[in-house]
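Asks: any chance you can model this:
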Amino acid sequence: MNNLCVLIMAAGKGTRMKSAAPKVLHKVLDRPIIDYVIRNVLSVGINPENIGVLVGSGGELVQAHLQQEFPDVKILWQHEQLGTGHAVKSAFEWWQSYENLIVLNGDLPLMTSESLKELISCVDKNDCTVITFEAKNPAAYGRIIRKKNSVSIVEFKDASPEQREIHEVNAGCYAFKVKSLSQVINSITNNNSQHEYYITDALALMNEKNFATGAFIMPEEEMQGVNTQSELAEVSRVMREKILSHWLAEGVNILAPESVYIGVDVELAPDVIIMPNVQIWGQSKVGEGSVIGSGSILTNAKIGRNVKIIAYAVIENSELKDNSKAGPFCYIREHSCLESRAFAGKFVELKNSRIGENSKVPHLSYMGDATLGHDVNIGAGSITCNYDGEHKNKTFIGNNCFIGSDTMFVAPVELEDGAATAAGSVITQAVPANSLGVGRARQKNIADWSLRNHNLHHHKEEK
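Replies: Model prediction:
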């Protein structure tokens, strides 16, 4: 498809969004609107070099995002927003070397690859093909007037009562033969109430020259643009329901679909069970037979087979391997890992830590920048003191270690295999293999303290 290029229009201000953010960077579920459009174009075999994104208002932010996510896509600029015709003309130096040009709006996240493939298959049949849809409520859309060898667009304000009854409307997207578009693009004027240059005038100019013009009908849902926060919410709802329907058909057990959110890039295996009020985002993957408990939020999480996430777990950029267990109320983040049969329990936070096979951090503990071997038991209230004000330091705990409750590990520190700590210890030095580390002050009992304290308190009250 090297003879075809796709221009994505993303230069508008999106005034009706009432937001400082560029419209195309607003998110549908967990990805910006523009990502859906570009990924759809890429999915049908268009090379990224053949995709141009026209940016303008807030363009620096859009450009920065695209350079990170789609570095090979061409960034084009419309420094003044003077209408759609001006926008297409602004990219002339880029598209004029191709044979065919498709112009798409940057706010069409619901367009499918199947529809786009159909459009591409007929792109060279006309000098200009207008993308249209049958609107249930055509409202103020421009109406499509079909003739034997041409189509034209009549704006609502200029339409007759009979024309206003037409439900086929202009979607604002087009396919052009570049040679033909080049002959009319400079003839578009701004003699209108808005003093803007409209790409719809290219169609009228082509009809004047008896060029072949036609229309390609898309499903209405796929042409649903985003101009307001309300429309963004509606598009997000449609996308969410499509994703949920897909996974239900693939054998995923979603107990309350109306309360669950799943991102577009998530991968779920059959027989995964998803409880109510779960969110799964990013590049998360969940293996067969795993249970995601109520209230849990997973982002870029890799979950193995038969993992049990009890409830209200937040897991970010981390991995839970086969048969491991987490929750309730735990936070696992920054490339942490629960190895097979490991457990992170209630009110536990793991940060950049690896918990070895069959090891347990059951409750009320923080393991930061720590590596635990297999069959380790961490007592309640234990903490790795990993930050010294300048550096994050490591804690290494060997295999078969037993950590007493309320142990503080002042990193960097290491416990060798079989070591243990006494409850309430502050461990500042290495503990050798099979040894007990005790780091607490010797207990001192003061005889009759309670009696003396009670008598003193009673004496003060009498005064």
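Asks: Val201: what's it in contact with?
Replies: Residue 201: Asp, not Val. 85, 188-189 (Cβ atoms under 8 Å, 6 or more residues apart in numbering). The way it works is simple: take the backbone N, C-alpha and C, and place the C-beta from them, glycine included.
Asks: again with Leu54
Replies: Contacts of Leu54 (Cβ under 8 Å, 6+ apart): 7-11, 76-78, 87, 90-91.
Asks: any idea what it is bridged to?
Replies: With DSSP bridges as the criterion, Leu54 is bridged to Met9, Leu76.
Asks: can you tell me how far it is from Leu101?
Replies: 12 Å (Cβ to Cβ, to the nearest Å).
Asks: common neighbours of the two, please.
Replies: With Cβ under 8 Å, 6+ apart as the test, Leu54 and Leu101 both reach Leu7.
Asks: quick one, what contacts Asn386?
Replies: Asn386 neighbours (Cβ under 8 Å, 6+ apart): 368-370, 392-395, 411.
Asks: hmm, 10 Å instead?
Replies: Taking Cβ atoms under 10 Å, 6 or more residues apart in numbering, we find Asn386 in contact with 351-353, 366-370, 392-395, 409-413.
Asks: how about the helices in the stretch 301-450 of the chain?
Replies: Secondary structure of the stretch 301-450 of the chain (DSSP state H, counting those that start in this stretch): helices at 449-462.
Asks: after the lengthiest helix in the chain, which helix or strand is next?
Replies: The longest helix of the chain (DSSP state H) is helix 229-249. Downstream of helix 229-249, the next assigned helix or strand under DSSP states H and E is strand 253-254.
Asks: okay, and for the chain, where does confidence drop off?
Replies: 1, 455-463 (pLDDT under 70).
Asks: which segments of it make up each domain?
Replies: For the chain, the structural domains run 4-223, 229-437, going by automatic domain parsing.
Asks: in TSV: these, plus distance to Trp449.
Replies: Converted to TSV, the domains of the chain look like this (distance: least, Cβ to Cβ, whole Å):
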stretch	distance to Trp449
domain 4-223	59
domain 229-437	21
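Asks: so which of the ones you listed comes closest to Asn445?
Replies: domain 229-437 (16.2 Å; Cβ to Cβ).
Asks: re the thing from before, need the contacts of Asp201 in a markdown table with distance to His65, can you?
Replies: Converted to a markdown table, those look like this (distance: Cβ to Cβ, whole Å):
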| residue | distance to His65 |
| --- | --- |
| Gly85 | 26 |
| Ile188 | 30 |
| Thr189 | 34 |
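Asks: which one of those residues is nearest Ala326?
Replies: Using Cβ to Cβ, the contacts of Asp201 come closest to Ala326 at Gly85, 56.0 Å.
Asks: tell me who's in contact with the residue lying closest to the closest one once chain neighbours are set aside.
Replies: In space, and not counting its chain neighbours, Gly85 is closest to Tyr197: 3.4 Å by Cβ to Cβ, 6 or more residues apart in numbering. Listed by Cβ under 10 Å, 6+ apart, the contact partners of Tyr197 are 82-89, 185, 188-191.
Asks: give me that answer again for 6 Å
Replies: 82-83, 85-86, 188, 190 (Cβ atoms under 6 Å, 6 or more residues apart in numbering).
Asks: dump the residues you listed into TSV; add secondary structure, distance to Gly225 and neighbour count as well.
Replies: Formatted as TSV, those follow (DSSP: H, G, I helix; E, B strand; the rest coil; distance: Cβ to Cβ, whole Å; neighbours: other Cβ atoms under 10 Å):
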residue	secondary structure	distance to Gly225	neighbour count
Leu82	coil	20	17
Gly83	coil	17	21
Gly85	helix	18	21
His86	helix	19	19
Ile188	coil	22	22
Asn190	coil	23	14
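Asks: out of those, which two sit at the greatest distance?
Replies: Leu82 and Ile188 (10.6 Å).
Asks: so which of the domains of the chain comes closest to Arg452?
Replies: Closest among the domains of the chain, once you apply Cβ to Cβ, is domain 229-437, at 26.5 Å.
Asks: for that closest one, measure first residue to last.
Replies: This stretch, domain 229-437, spans 59 Å end to end (Cα to Cα, to the nearest Å).
Asks: do stretch 274-292 as well
Replies: 5 Å.
Asks: over to stretch 201-221?
Replies: 26 Å.
Asks: pull out the buried residues from that stretch.
Replies: 201-207, 211, 213-218, 220 (16 or more other Cβ atoms under 10 Å).
Asks: same deal with stretch 254-266?
Replies: Of the residues in stretch 254-266, those buried (16+ other Cβ under 10 Å) are 254, 260-266.
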